[in-house]
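Novice: give me a 3D structure for the following:
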Amino acid sequence: MFAQLINDVKAVCKLAIYAASALLPRDPNLWVFGAKHAFAGNSHFLFLWVSEHEPQIDAVWITPDVQIAEKIRAAGFRAEVRGTWRGTRALAGAGVYIYNDQVEDVGVALCNGALLVNLWHGSGIKTIAAHNKRSPLYAKKRRRFELVKKARTLGRSLTANLFVSTSPAIALRFSRAYGVPLESCPIIGTPRLDASVDAAVRSLSKSFGSYGEWQQARETHREIYVYMPTFREGGRDFLSEALPDLERLGDLLAARHAIMFVKLHPRDRSRNLLEIDNMKSGGRVRPWPKEVLFYNVLQDIDCLITDYSSVMFDFIAVKSSGVVIYPFDLDTFISERDLYFPFDESVAGKRVNSFDELCGAIETGAALVPIEARSLARVRARCWEGSISPAAAPVTAEIKSRCGLEGGSSVEPRIQACYLDSHFKAQAGAPEANSQQKSHLIFLAAGMGSRMKELTAEVPKPLMLVLSNRSIMDVNLDGALESRIASSIQVVGGHSWSALQAYLTGCKSEIPVSAILNEEYRSLGPCRSVELALDKVPTAESVIIANGDTLFSRAAFDSLKITEQGIFLLCSPVGHVQADELLIEADPTGVIRKAAKAGMELQDKIISAGMLAARGPHAVNAVKKAVSEVLECERAAGKQLPWHDVVARLAESGAPARLCLVDRSEWYEFDSISCIKKFQEHNRQFLEAI
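Specialist: As a prediction, the model looks like this:
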């Protein structure tokens, strides 16, 4: 009790010092780096690059470990020990703090007023910060901290000014989890991968370690396997379950003239590691060499065995074979830690679910085969789309730009910039429902849902229950109302019209919600529904048109709260495209130049989410004209055409739509019965959000 009181007093004093440090003068050319008690990670690689290539920058490594500081100084670089006079002076005057995880990697008490740069340590699928129920930021999102609690968690709760990202999906995640504006999450890659593509960086980094054991293993074994499981919450001893028979595993490795290194998370204290230390596998299964950095030897690894760790994403950014996904405790892990995306759709490699299957994959060589091309492309797109490699130079230029230093430059705009731009506008300058310009939201709900007729015989598809007691329309109406994206809502129906009318009559809403009947729903497609709805909208006002059979998160609606006039189509970047999805081709400014069903070969894989906004009279008139032209073609052809043909028509006209990108996890289309079950089983993050 007394010890806790002393710690609380210290924490409150640190908080007071932090507040006062905002008054300290800052040198934008003085950059301090840190990684807690190690010399590793993104900050390690960026520190070395800046020290070598940026003579005007005074780069200082801050560490509590005297030996690490001495080793860095011996190499000709600057390092200071935290808590010493020299270390304190560097922290007090630094204009930039650069770290891998939390600002306390470097030091908390004196950072107020400096540019905080979070390089992060992985691009995985586990929830983080405000999305992780075990994080203090999760609590911060729900209640205000009392003084002592705020003081205790100061280092973990401070938000970075710059969050280096590797893809639109990762940027969006950082923005939401840490409350960082999307414009502060530039997509410029990660310095930790530089060692895999830059021999000079790798050589310099290796000079600080001891690679003798690794080099000997490489020279004396045909294959090197590395098992890198992620951290289990609560310190659960999982290794005895993952590798229950080291002798059997050792025999298999010996037969292949192979060796396996086991690299546990730094916080892991699994008791079974003692067995590996004792070499009960005949020396074939060994603990990871202490002074070897994974990224310096990544190219030497023949097979990575992992589970939910972000290391898998790093590995496949560089290599396209030799990945084994080993989630032997998937159900238990998910009960301890939520995932952002469905696990099966988020990994790439050979899947094994038990120790027997793992042994079989090693024995047969299946562990070494190339990764299936589609899953590899999908995962790479989600985590690495837009990344720059090597990344140290663009990251440095971005930091210098934020500090106003000469030689600083932001990343060259690409399609990803449109993604960030659209979201930033949604957050920073979105019009509310009572703004001067009225917006009308139109849901298309007239179709028969023939592919799901067992569920849609008596109700429209949007009224199907996809949760225990909530329909697609329930979720979408709630999301639209919470977003305040529109001043009125129209739902165009046809099939099971009386059921839709009864549903909408019972809706309680602050804004008008009405139904429009499309009597020609059997002969004409959804474009007729759009035409009927647009006829009721004054040209001077704005419209948002959305598929009624697609579930949208509030974030998806928020993304189309755009102040400027024009036509905007909600889309998502993906790794591969399904046969019935609309593929979008856009120029670097985000203007859509082509829209067609899967078949176009494009470098950027972007698909439509099924929601379009037309803001301003010119935009609304352009959409009306395109709808009319598509209906003429429909009547002439005698068959229904998808309303997305309007997007293609706009692309051919002088009023093309522009991209407004969201992550693929922010919407879900139901086109078969199996989709409902799949959604309920795997979309935990979406379910929690709604």
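Novice: I'd say R73 and R86 touch.
Specialist: No: with contacts defined as C-beta atoms under 8 Å, R73 does not count as touching R86, sitting 11.2 Å away. Any C-beta I mention is one placed from the backbone N, CA and C, and that applies to glycine too.
Novice: list the contacts for the most centrally placed residue in the chain?
Specialist: Residue closest to the average C-alpha location in the chain (C-alpha atoms, centre = their mean): I170, at 2.8 Å. By C-beta atoms under 8 Å, 6 or more residues apart in numbering, the residues touching I170 are 123, 185, 187, 383.
Novice: buried subset of the residues you listed, written for ChimeraX?
Specialist: Selection of buried members from those for ChimeraX, criterion 16 or more other C-beta atoms under 10 Å:
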select :123,185,187,383
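Novice: among the contacts of I170, which pair sits farthest apart?
Specialist: For these, the maximum inter-member distance is 14.0 Å, found between C185 and C383 (C-beta to C-beta).
Novice: any idea how far the closest residue to H121 other than its chain neighbours is from W120?
Specialist: Excluding its sequence neighbours, the residue lying closest to H121 (C-beta to C-beta, 6 or more residues apart in numbering) is N100, at 4.7 Å. The gap separating N100 from W120 is 7 Å, by C-beta to C-beta, to the nearest Å.
Novice: what do you get for V32?
Specialist: Per C-beta to C-beta, V32 is found 18 Å from W120.
Novice: again, but for P573
Specialist: Distance, P573 to W120, using C-beta to C-beta: 20 Å.
Novice: repeat for V646
Specialist: Look at V646 and W120: by C-beta to C-beta, they are 40 Å apart.
Novice: more crowded one of these two?
Specialist: A direct count of neighbours by other C-beta atoms under 10 Å for V646 and W120 places V646 higher, at 29 against 22.
Novice: pLDDT weak spots in the stretch 251-400 of the chain?
Specialist: 269-282, 386-388 (pLDDT under 70).
Novice: domain ranges for this structure?
Specialist: 2-190, 207-384, 415-425+437-689 (automatic domain parsing).
Novice: any idea which of those domains gets closest to P394?
Specialist: P394 sits nearest to domain 2-190 of all the domains of the chain, at 4.5 Å, using C-beta to C-beta.
Novice: pLDDT of the closest one, averaged?
Specialist: Domain 2-190 comes out with an average pLDDT of 83.
Novice: how about stretch 217-229?
Specialist: For stretch 217-229, the per-residue pLDDT averages 94.
Novice: how far off centre is that stretch?
Specialist: For stretch 217-229, the gap between its own C-alpha mean and the chain's C-alpha mean amounts to 30 Å (C-alpha atoms, centre = their mean, to the nearest Å).
Novice: what comes up buried for that stretch?
Specialist: 217-218, 221, 223-229.
Novice: end-to-end on that stretch?
Specialist: Terminal residues of stretch 217-229 lie 21 Å apart, using C-alpha to C-alpha, to the nearest Å.
Novice: ok, residues contacting that stretch?
Specialist: Contacts of stretch 217-229 (C-beta under 8 Å, 6+ apart): 238-239, 242-243, 253, 256-265, 268, 288, 294, 300-307, 309, 311, 326, 362, 367-368.
Novice: out of those, which are inside helices?
Specialist: Those of these mapping onto helices are 239, 242, 253, 294, 311, 362, per DSSP state H.
Novice: just the buried ones from those, in PyMOL syntax?
Specialist: For the buried members of the ones in helices among the contacts of stretch 217-229, the matching PyMOL selection, counting by 16+ other C-beta under 10 Å, is:
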select buried, resi 239+242+253+294+311+362
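Novice: quick revisit: report the distance from whatever helix or strand the residue nearest to the centre of the chain lives in to the chain centre.
Specialist: Assigned by DSSP states H and E, I170 belongs to helix 168-178. Put simply, helix 168-178 sits 6 Å off its chain's centre (C-alpha atoms, centre = their mean).
Novice: for it, list every residue counted as buried.
Specialist: For helix 168-178, by 16+ other C-beta under 10 Å, it's 168-178.
Novice: packing partners for the lengthiest helix in the chain?
Specialist: The helix that spans the most residues within the chain, counting by DSSP H, is helix 617-637. If contacts are counted by 3 or more C-beta pairs under 8 Å, 6 or more residues apart in numbering; DSSP states H and E, helix 617-637 sits against helix 526-534, strand 542-547, strand 566-573, strand 606-615, helix 645-652.
Novice: hmm, 6 Å instead?
Specialist: Under the contact criterion of 3 or more C-beta pairs under 6 Å, 6 or more residues apart in numbering; DSSP states H and E, helix 617-637 touches helix 526-534, helix 645-652.
Novice: the domains of the chain: which one's closest to S196?
Specialist: domain 207-384 (4.6 Å).
Novice: and that closest one, how far apart are its ends?
Specialist: Terminal-residue distance, domain 207-384 (C-alpha to C-alpha): 29 Å.
Novice: can you get me a residue count around V106?
Specialist: There are 30 residues near V106, going by other C-beta under 10 Å.
Novice: which residues touch the closest residue in space to it that isn't next to it in sequence?
Specialist: The shortest distance from V106 to any non-neighbouring residue, by C-beta to C-beta, 6+ apart, is to G34 (3.5 Å). By C-beta atoms under 6 Å, 6 or more residues apart in numbering, G34 lies in contact with 62, 99, 105-106.
Novice: only the buried residues of stretch 227-236, if you could.
Specialist: By neighbour count on 16+ other C-beta under 10 Å, the buried set for stretch 227-236 is 227-232.
Novice: and what of stretch 500-508?
Specialist: 500, 503-504.
Novice: export the residues you listed to CSV and tack on secondary structure and distance to D478?
Specialist: As requested, the buried residues of stretch 500-508 are exported to CSV (DSSP: H, G, I helix; E, B strand; the rest coil; distance: C-beta to C-beta, whole Å):
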residue, secondary structure, distance to D478
L500, helix, 17
Y503, helix, 14
L504, helix, 14
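Novice: quick check, nearest of those residues to S471?
Specialist: Y503 (8.2 Å).
Novice: got the buried residues for stretch 514-529?
Specialist: Neighbour counts over stretch 514-529 (16+ other C-beta under 10 Å) mark 515-516, 518, 521, 524-529 as buried.
Novice: list the contacts of it.
Specialist: The contact list for stretch 514-529 (C-beta under 6 Å, 6+ apart) reads 444, 446, 490-494, 497, 501, 504, 532-533, 627, 630-631, 640-641, 643.
Novice: could I have the buried ones of the residues you listed as PyMOL selection syntax?
Specialist: Remark: buried members of the contacts of stretch 514-529, expressed as a PyMOL selection using 16+ other C-beta under 10 Å:
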select buried, resi 444+446+490+491+492+493+494+497+504+532+533+627+630+631+640+641+643
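Novice: now whatever helix or strand D251 lives in, how far from the centre of its chain.
Specialist: Using DSSP H and E, D251 maps to helix 246-255. Relative to its parent chain, helix 246-255 has a centroid offset of 38 Å by C-alpha atoms, centre = their mean.
Novice: which strands and helices sit next to that helix?
Specialist: strand 285-287, helix 355-364.
Novice: orientation of that helix relative to helix 355-364 in degrees?
Specialist: Helix 246-255 runs at 10 degrees relative to helix 355-364, counting by axes from the mean of the first three to the mean of the last three C-alpha atoms, to 10 degrees.
Novice: measure the nearest residue to I62 once chain neighbours are set aside to I98 for me?
Specialist: Spatial nearest neighbour of I62, chain neighbours left out: G34 (4.5 Å); criterion: C-beta to C-beta, 6+ apart. Counting by C-beta to C-beta, the separation of G34 from I98 is 8 Å.
Novice: and what of F47?
Specialist: From F47 to I98 the distance is 8 Å (C-beta to C-beta).
Novice: the two - which one has more neighbours?
Specialist: I98 (34 against 27).
Novice: hey, what's the more buried one bridged with?
Specialist: F33, V117 (DSSP bridges).
Novice: tell me the contacts of it?
Specialist: Contacts of I98 (C-beta under 6 Å, 6+ apart): 33, 43, 117.
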